[in-house]
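Peer 1: generate coordinates for the sequence data below:
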Amino acid sequence: MSRQRRTAVSGSLIGLGSLLVAAAAAVGAVVALPTDPPAALETATPAETVTVTNRTDADEHQVQLALDTGAPRSVVTSRTGIVTSSSCSTGGFLRSGSEVARVDDVPVIALASGTPLFRDLRVDDRGADVRGLQQELARLGSTIAVDGIVGPGTLRAARSFLLSHDVPRAAVPDDTIERSVFAWIPAAEATVRTCTAVVGAPVDADGTLVELPAELRGARIEQLPTETVAGAREISVGQLRAAVDDNGVVADPDALAQIGALPEYAATVASADGVPTLPATWSLAEPLEVAVVPPSALWDVRDHHACVQPVTGDPLPVEVVGSELGQSFVRVETGGTPGHAALARVRAAPDTGRSCR
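Peer 2: Numbers count the residues shown, from 1 in each chain. This is a model prediction of the structure:
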């Protein structure tokens with residue numbers, strides 16, 4: 001290799017080395033430069049005061065409702081003949097005022113009268129069965145006096161109701177309300193357990209068209225929650241709400257009938273091994289108006305009572321009625337009794353050396 005060529009190569013290597021050194025220096029300078037952290041990563045300065053918001057609180061608890069059940073119930077007809085059609089659907093609803101089935105092509109209409117019809121009714125008949133018929137026809141839209149006495153108005157309303165439900169005119173006497181055209185059901189809406197009527201076959205000896213779930217004779221909360229807010233209570237199952245007493249018992253017969261008509265009830269009873277239970281929500285019947293504060297704003301917490309410090313003025317005693325997701329729900333106590341005095345802002349880190357009691 002000539003001396004001139006060796007000199008050129010050496011110069012190239014020197015130049016490349018200089019570039020590498022310069023690049024390394026630049027990288028070092030960039031790394032060494034101080035940078036400010038993004039705003040999102042900066043440590044937030046704790047707020048000294050917070051705005052108080054207001055909401056309602058029903059003090060809800062999830063419970064199990066223990067059910068006292070009897071034997072399955074049947075929807076029956078006193079009519080004999082061949083079942084020519086059935087509107088029954090297992091697991092479906094049977095509603096008062098709707099057609100259950102047809103016997104010899106004459107509709108049998110479900111009716112949730114308080115007392116089942118046990119006779120054909122004529123003018124001047126009176127009793128609980130008459131009143132029950134009148135009340136249910138009125139609920140279903142008929143214009144009728146509810147007095148427990150069969151008069152021309154009751155006959156006229158019943159006749160109009162039956163004709164509007166496709167009962168043939170020949171099957172509707174002018175002077176009688178025949179028991180056979182109705183089939184009693186225990187509530188305005190009931191869930192079907194089993195369809196027993198067979199289209200094309202005679203009505204069975206007992207007149208059974210449909211079987212309903214077992215009668216609900218009683219219901220109570222299996223285990224009452226502790227640490228709850230005092231007040232009248234109710235349970236909720238789906239959209240149904242029913243009052244319960246201090247022992248968690250549903251005592252109202254109408255409420256029991258409504259629970260017994262729920263699809264959830266039918267499914268629970270059908271699959272239960274032992275005492276059936278139904279999930280429910282147990283809550284205050286009248287939700288409370290509460291103030292929402294951070295837990296750090298409370299001090300001297302004893303037996304659901306605590307202190308809060310408004311931005312101005314003296315510390316206030318409050319009743320702590322609940323909490324949720326880092327929030328405490330309180331009510332200001334006025335003269336020892338929880339009231340509705342407004343809190344606008346409170347100190348998030350109060351001076352716990354002061355007393356509110």
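Peer 1: show me the helices in the stretch 251-357 of the chain, by range?
Peer 2: Counting by DSSP state H, counting those that start in this stretch, the stretch 251-357 of the chain has these helices, from start to end: 253-260, 263-271.
Peer 1: for the stretch 101-250 of the chain, that is, sorry about that
Peer 2: 128-139, 152-164.
Peer 1: V172: which of those is closest?
Peer 2: helix 152-164 (5.1 Å; C-beta to C-beta). All C-beta spots, glycine's among them, are computed from the backbone N, C-alpha and C.
Peer 1: any chance of the helices of the stretch 101-250 of the chain in JSON lines, with distance to A183 too?
Peer 2: Rendered in JSON lines, the data for the helices of the stretch 101-250 of the chain read as follows (distance: least, C-beta to C-beta, whole Å):
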{"stretch": "helix 128-139", "distance to A183": "13"}
{"stretch": "helix 152-164", "distance to A183": "13"}
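Peer 1: quick one: contacts for D105?
Peer 2: For D105, the set of contacting residues under the criterion of C-beta atoms under 8 Å, 6 or more residues apart in numbering consists of T84, S85.
Peer 1: please identify the deepest-packed of the helices of the stretch 101-250 of the chain.
Peer 2: Ranked by mean neighbour count, those are led by helix 128-139 with a mean of 19 (mean count of other C-beta atoms under 10 Å).
Peer 1: what angle separates it from helix 152-164?
Peer 2: For the pair helix 128-139 and helix 152-164, the angle between their directions (axes from the mean of the first three to the mean of the last three C-alpha atoms, to 10 degrees) equals 60 degrees.
Peer 1: which residues touch stretch 220-237?
Peer 2: Looking at what lies outside stretch 220-237 - C-beta under 8 Å, 6+ apart - the contacts are 57, 59, 61, 63-66, 241-244, 246-250, 259, 262, 264-265, 277-286, 288, 321-322.
Peer 1: is it correct that P294 is in contact with A348?
Peer 2: Yes - under the criterion of C-beta atoms under 8 Å, P294 is in contact with A348, at a separation of 5.8 Å.
Peer 1: what touches both of these two?
Peer 2: V50.
Peer 1: tell me the pLDDT at A255?
Peer 2: According to the predicted model, the pLDDT of A255 comes to 92.
Peer 1: list the contacts of it.
Peer 2: Taking C-beta under 8 Å, 6+ apart as the contact definition, A255 lies against A242, A243.
Peer 1: that one and P213, how far apart?
Peer 2: Here A255 is placed at a distance of 16 Å from P213 (C-beta to C-beta, to the nearest Å).
Peer 1: can you get me a residue count around D314?
Peer 2: Taking other C-beta atoms under 10 Å as the neighbour definition, D314 ends up with a count of 10.
Peer 1: do L256 as well
Peer 2: L256 has 21 neighbouring residues, counting by other C-beta under 10 Å.
Peer 1: next: P263.
Peer 2: Neighbours of P263 (other C-beta under 10 Å): 15.
Peer 1: W282 versus that one, what's the distance?
Peer 2: Taking C-beta to C-beta as the criterion, P263 is separated from W282 by 21 Å.
Peer 1: show me the contacts for F329.
Peer 2: Under the criterion of C-beta under 8 Å, 6+ apart, the contact partners of F329 comprise R55, D57, V290, A291, V292, V320, V321, G322, S323.
Peer 1: and the residues you listed, which are buried?
Peer 2: Buried by 16 or more other C-beta atoms under 10 Å: D57, V290, A291, V292, V320, V321, G322, out of these.
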